[in-house]
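*Asks:* Please work out how this folds:
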Amino acid sequence: MTTADTTRDVELTIGGMTCASCAARVEKKLNRMDGVTASVNYATEKAKVSYSGDITPEDLVATVEATGYTAALPAPPQTQHAAGEDSGPDEAAPWKQRLTVSALLTVPVVALSMIPALQFDNWQWLCLTLASPVVVWGALPFHRAAWTNLRHGAATMDTLISVGVTAAYLWSLWALFFTHAGMPGMKMTFELFASGGGEEHIYLEVAAAVTTFITAGRWFEARAKRRSGAALRALLDMGAKDVAVLRGGTETRIPVDQLAVGDVFVVRPGEKIATDGVVESGSSAVDESMLTGESMPVEVAPGDAVVGATVNAGGRLTVRATRVGSDTQLAQMARLVEDAQNGKAEVQRLADRISAVFVPIVIGLSLLTLAAWLLFTDDPVSAAFTSAVAVLIIACPCALGLATPTALLVGTGRGAQLGILIKGPQILESTRRVDTVVLDKTGTVTTGEMTVASVHVAPDESADEVLHLAGSLEHASEHPIARAIADHAAQTRPLSGVESFENHGGRGVSGVVDGRAVLAGRLSWLRDEWSLTPAPSLRREAEAAESEGRTPIWVAWDGAVRAVVVVSDTVKDGSRAAVSELRDLGLRPVLLTGDNRGAAEAVAKQVGIDEVIAEVMPADKVQVIERLQSEGRVVAMVGDGVNDAAALAQADLGLAMGTGTDVAIEASDLTLVRGDLRAAPDAIRLARATLRTIKGNLFWAFAYNVAALPLAALGLLNPLIAGAAMAFSSVFVVSNSLRLRRFAPR
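*Replies:* Below you'll find the predicted structure:
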């Protein structure tokens, strides 16, 4: 097979897109190329392209650039880690700077123009001085985008913003320099109809206000888009930064990106494992919770595989590297997150979806109005131009620009007070359609922390004495289960010191406490190594605990098994109530976990969940979400671990527990700051309410245009009245959004 016959994949970074229609235009151009299939995501600014034949990546870049945008190929593999650590330029910063300056200059312009009592002699020239930087510099991104669109025969909301702002400003300049509008003592009058005196009106406040409001909307959008890439950066930052490699019999500390397959490196207690590998020597408990979300540590010994970015919680290990760089499980998980994010359908704003029709219609209607007045009426040219300008101004998308960000600001502000973070408008549509909610077990429904559930003792033994001896012994161990027993025992009596402590490679621990040789660990270890057999009653209790997914720890001394301490994860307070509320919202709860089925079904029974998907490997959680989606379900996912990140991104709606990992939080759409599952139904209700508000705002903003455009075209609206009406539409949108402040949790 030749290279020309194979299909290759590449991911391009697209720059310069200002709305969803830009992404659609780039996608359309790429797909017109022979042998090319492309999908462009505006939110992530990525294009996933499959190409074949004689097409090269450089050809793809050239096509994007010919469309009026920029494109960049992926960075070389050796620089990808560094790129993950660098957050890159802050795209929101320039918008914030423009917004700050524009707002400071716009406020006095609007006040002077709309309040006649403030209009002193030559006030209009002060307004011109203040408004000019806003129109020229503040609106420069819109003018640039409009020019780019014009060169490629397209029109977006940027076009209408630029045309409206420019028309209002140029009309004001003409009126100031060539009519009586520039004379001292000029006052703005409010005339309902277009007339020959219309040239005495200036519309600087319209030009400045539109620029400021739309700039505010772009700033909010840029902030949300910047956060969308943080999950991948957080994933890459989880790995170790340097590693102690054994070379020539000595340890040499090197940067982790210099590690090669086959190198042997040392991992001390508490250190992160640098990369995927196989244990050469030593035994320990490895805490994989940061990667899997599961609280139970994994015992490893020579020959066992370990995963990079997990933490060595026990003894010293030497590990031989088997996978490095982009081949590691951590890097593969990062790709899963990125693929899921790029594959998520972007909910386009209504304004962007119809802009391709709305903008040309408005501009055409304005030109048609001008021509009709000149051809079919005897009114002066100024009346015709006044009506044409009124059409542009009344259609300026000020309310459209405010519809989404104001509702989002109020909704997210109220959510923050309730411990709910909504990351952007693009995810709200999913909350209305969701019918299934998948709940990760550990850390979401349960606490994710090991605790002592019960203590069962042999006849004639004291539970207090058992706990004291076992807790004192386990206090010398760094194992998470040992810490749970030690912490529980310390609540009743001060712990004693341990002599001759020994860790037996994940099977158990031994030592001398208060003159007694105490053993604590697995039953198989006590039986095989020490020939100890428990009483039948203790065995029954242990078997019952294991059937419920709990972990029995056997305790013995003086040649006899004295007790079994049952350790388990515990269900969070409120999980059952949260599941009930989710059902009330019409959602079907599903419990998803990597734990055994017995443990999963026990937890599901406690909280009232009927559908359980257990024993799922971390990388397979995405496949579970995809399978549910293929069945026609619209899926919400609630999780907290790194292994949940890709599933959170793949789900139609991702909710992360605020007590979970940063990666899970960044990959989600909603974050429950308190880590309380009862916030999940409140988050969905708040998101739905915010979405209803946004849609209501957009409806009234467009309805206002539909009603006002004919009036303006017929000369029944003076541009100043049109400007006032436009301002009122903005006030209405803001007032409607402020109602979200009254949202209350159940």
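*Asks:* and Arg674, backbone torsions?
*Replies:* Dihedral pair for Arg674: phi -70, psi -20, per degrees, to the nearest 10.
*Asks:* Next, the residue lying closest to it once chain neighbours are set aside: phi, psi?
*Replies:* Distance criterion C-beta to C-beta, 6 or more residues apart in numbering; nearest residue to Arg674, sequence neighbours excluded, is Gly419 at 4.1 Å. No exception for glycine: its C-beta is placed from N, CA and C like everyone else's. Backbone torsions of Gly419, given as degrees, to the nearest 10, read phi 80, psi 30.
*Asks:* Which residue, other than its chain neighbours, is closest to Val638?
*Replies:* Going by C-beta to C-beta, 6+ apart, Val638 has Leu655 as its nearest residue, at 4.5 Å.
*Asks:* Show me what whatever helix or strand the one you found lives in is packed up against.
*Replies:* Counting by DSSP states H and E, the element that carries Leu655 is strand 653-657. Using 3 or more C-beta pairs under 8 Å, 6 or more residues apart in numbering; DSSP states H and E, the elements in contact with strand 653-657 are strand 635-639, helix 645-650, helix 662-667, strand 670-672, helix 679-713.
*Asks:* can you tell me which residues contact Tyr579?
*Replies:* Quick fix: residue 579 is Val, not Tyr. Val579 makes contacts with Leu439, Pro589, Val607, Gly608, Ile609, Leu677, as judged by C-beta atoms under 8 Å, 6 or more residues apart in numbering.
*Asks:* So the third one is in contact with Gly574, correct?
*Replies:* No - with contact defined as C-beta atoms under 8 Å, Val607 does not count as touching Gly574 (9.6 Å).
*Asks:* the more surrounded of these two?
*Replies:* Comparing Val607 with Gly574 by other C-beta atoms under 10 Å, the one with more neighbours is Val607, at 22 against 15.
*Asks:* ok, the more buried one - contacts?
*Replies:* For Val607, the contact set (C-beta under 8 Å, 6+ apart) comprises Val445, Val571, Ser575, Arg576, Ala578, Val579, Leu591.
*Asks:* Quick check: it vs Gly675, distance?
*Replies:* To Gly675, Val607 is 16 Å away according to C-beta to C-beta, to the nearest Å.
*Asks:* Please apply the same query to Val311.
*Replies:* 21 Å.
*Asks:* List the residue ranges of the stretch 401-550 of the chain that fall below the pLDDT cut-off.
*Replies:* 401-406, 409, 416-417, 423-427, 506, 549 (pLDDT under 70).
*Asks:* any idea where the strands of it begin and end?
*Replies:* Applying DSSP state E, counting those that start in this stretch to the stretch 401-550 of the chain gives strands spanning 420-422, 436-440, 451-457, 499-503, 508-513, 516-521.
*Asks:* Between strand 499-503 and the fifth one, find me the angle.
*Replies:* What that stands for is strand 508-513. With axes from the mean of the first three to the mean of the last three C-alpha atoms, to 10 degrees defining the directions, strand 508-513 sits at 180 degrees from strand 499-503.
*Asks:* looking just at contacts, which helices and strands does strand 508-513 meet?
*Replies:* helix 463-474, strand 499-503, strand 516-521.
*Asks:* who does it pair up with?
*Replies:* strand 499-503 (antiparallel), strand 516-521 (antiparallel) (DSSP bridges).
*Asks:* and what of the longest one?
*Replies:* Partner strands for strand 451-457, per DSSP bridges, with pairing direction: strand 560-568 (antiparallel).
*Asks:* what comes up buried for the strand it pairs with?
*Replies:* If you call a residue buried by 16 or more other C-beta atoms under 10 Å, then strand 560-568 has these buried ones: Val561, Arg562, Ala563, Val564, Val565, Val566, Val567, Ser568.
*Asks:* what's the answer for stretch 685-705, then?
*Replies:* So stretch 685-705, judged by 16+ other C-beta under 10 Å, has buried residues 685-691, 693-698, 700-702, 704-705.
*Asks:* on that earlier part again, next, format the helices and strands packed on strand 653-657 as a markdown table and append mean pLDDT and distance to Thr215.
*Replies:* Below are these laid out as a markdown table (pLDDT from 0 to 100; distance: least, C-beta to C-beta, whole Å):
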| stretch | mean pLDDT | distance to Thr215 |
| --- | --- | --- |
| strand 635-639 | 90 | 34 |
| helix 645-650 | 84 | 30 |
| helix 662-667 | 67 | 27 |
| strand 670-672 | 79 | 27 |
| helix 679-713 | 83 | 18 |
